[in-house]
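> Starting from these lines, generate the structure:
(one chain, ligands or ions: 2)
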Amino acid sequence: MNLCTNALQAMEHGGVLEVVLERTDVAQNRRLSHGALVPGDYVRLCVSDTGSGIPPQVLDRMFDPFFTTKGVGEGTGLGLSLVHGIVADLGGAIDVRTIVGQGTMFTIWLPIAGEATVPSADVAAKLPHGEGQTVMIVDDEKALVALAEEMLAKLGYEPIGFSSSVLALDAFRKAPQSFDVVLTDETMPELIGTDLAHEIRLLRPDIPIVLMSGYSGAQLNERARAVGVREILRKPLQSKDIAECLGRVVRSLV
Ligand SMILES: Nc1ncnc2c1ncn2[C@@H]1O[C@H](COP(=O)(O)OP(=O)(O)OP(=O)(O)O)[C@@H](O)[C@H]1O
Ligand SMILES: [Mg+2]
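Ligands and ions are numbered 1, 2, ... in the order given. Down below sits the predicted model:
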């Protein structure tokens, strides 16, 4: 998502954004602009644009947290550092090719985990399932709301998604008893997740609230605990983590 947003923002006057995902094998050690590959099977995600290209002084620092060339309010500069963190966690590497004035290509290489021995349907069946409990989902990224709704519906919950925390709070105020659990993102415009949690708990102190966040750290944990958040889920969301977390939370309701 961030790679595509960056690509679009680099093409103010229009251009072509291309996204390619493919499996590929690497036969010998390879050095990339950011990392190295050992032989093996990989998936390769390539996001390219025909935009401004990246000048060397930006190229050197663009993966640093908070480095941005965008105006205040336009970019946090966290996008690429997050991408880098996720890729590194998965044992992958990144390659950046760019020509100023012509465009940029980011390629992300991720090693393929050994072929799953258990078919995924079986794994899904073993995860804790809900029994139609209503879960309020709040995230300013519409695509993530849709994804979470889909995951929760498959797990037997009744998801109700909001892409605005302000509207979510309005809805909660109108019908506090119609929700069983709240799942909210932290970083959102107008009303952040922990503030939303605080307001919701004033209306219904018993409702379990789960916070989702791409970042973690003592400060966030502290803030979450102070407003009575039950658990913190790391983004990107994994079906298994959500299933287990909601399983625990829902068990505590009965
Ligand atoms: N495809 C691209 N073309 C040109 N410059 C890019 C491209 N991708 C990244 N950059 C440069 O790298 C910088 C850092 O990118 P990064 O995604 O980390 O933060 P951001 O896009 O500025 O902010 P945010 O991701 O929070 O919106 C950008 O400000 C931009 O200057
Ligand atoms: Mg970005």
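> Let me know how buried the closest residue to ligand 1 within the stretch 151-254 of the chain is, in neighbour terms.
Residue nearest to ligand 1 within the stretch 151-254 of the chain (Cβ to the nearest ligand atom): residue 187, separated by 10.1 Å. For the C-beta atoms, the positions are set from N, CA and C on the backbone; glycine is no exception. Counted with other Cβ atoms under 10 Å, the neighbours of residue 187 add up to 17.
> Next up, the contacts around the closest residue to residue 79 other than its chain neighbours.
Nearest residue to residue 79, sequence neighbours excluded (Cβ to Cβ, 6 or more residues apart in numbering): residue 2, at 3.6 Å. By Cβ atoms under 8 Å, 6 or more residues apart in numbering, residue 2 lies in contact with 79-80, 82-83.
> Ramachandran angles for residue 2?
The main-chain torsion angles of residue 2 are listed as degrees, to the nearest 10 and equal phi -70, psi -40.
> Kindly provide the distance from it to ligand 1.
In this structure, residue 2 lies at 5 Å from ligand 1, with Cβ to the nearest ligand atom, to the nearest Å as the measure.
> And residue 85, by the same measure?
On the measure of Cβ to the nearest ligand atom, residue 85 and ligand 1 end up 11 Å apart.
> Just give me the neighbour total for that residue.
15.
> same thing with residue 3?
Residues lying near residue 3 (other Cβ under 10 Å) number 22.
> change the start of the numbering to 23 and stick with it
With 23 as the first residue, the last one maps to residue 25.
> For it, grab phi and psi.
phi -60, psi -40.
> again, but for residue 48
Torsion angles, degrees, to the nearest 10, at residue 48: phi -110, psi 120.
> Pretty sure residue 221 sits against residue 192.
No - the pair residue 221 / residue 192 is not scored as a contact, 10.5 Å apart, by Cβ atoms under 8 Å.
> Compare the two (neighbour count), which wins?
Taking neighbours as other Cβ under 10 Å, residue 221 and residue 192 compare with residue 221 leading, 15 against 11.
> Which residue is the nearest non-sequential neighbour of that one?
In space, residue 221 comes closest to residue 191 once its chain neighbours are excluded; the distance is 5.5 Å by Cβ to Cβ, 6+ apart.
> my guess is the one you found is in a helix, correct?
Yes - the assignment for residue 191 by DSSP: H, G, I helix; E, B strand; the rest coil puts it in a helix.
> I'd like the distance between it and residue 232.
With distances defined as Cβ to Cβ, to the nearest Å, the gap from residue 191 to residue 232 amounts to 16 Å.
> Let me see the ranges of the strands in the chain.
Using DSSP state E, the strands of the chain run over 40-48, 52-54, 57-59, 62-71, 115-121, 125-133, 156-160, 180-184, 203-207, 231-235, 253-256.
> Whatever residue of the chain ends up closest to ligand 2: neighbouring residues, count only.
Closest approach of the chain to ligand 2 (Cβ to the ion) occurs at residue 101, with a separation of 2.8 Å. Per other Cβ under 10 Å, the neighbour tally for residue 101 reads 20.
> Looks like it contacts residue 27 (just checking).
Yes - using Cβ under 8 Å, residue 101 is in contact with residue 27, at 7.1 Å.
> what residue ranges in the chain score low on pLDDT?
136-147, 276 (pLDDT under 70).
> Please list the residues of it that sit near ligand 1.
Residues of the chain found near ligand 1 (Cβ under 6 Å from any ligand atom) are 24, 28-29, 32, 71, 73-74, 76, 80, 84, 89-92, 97-103, 126.
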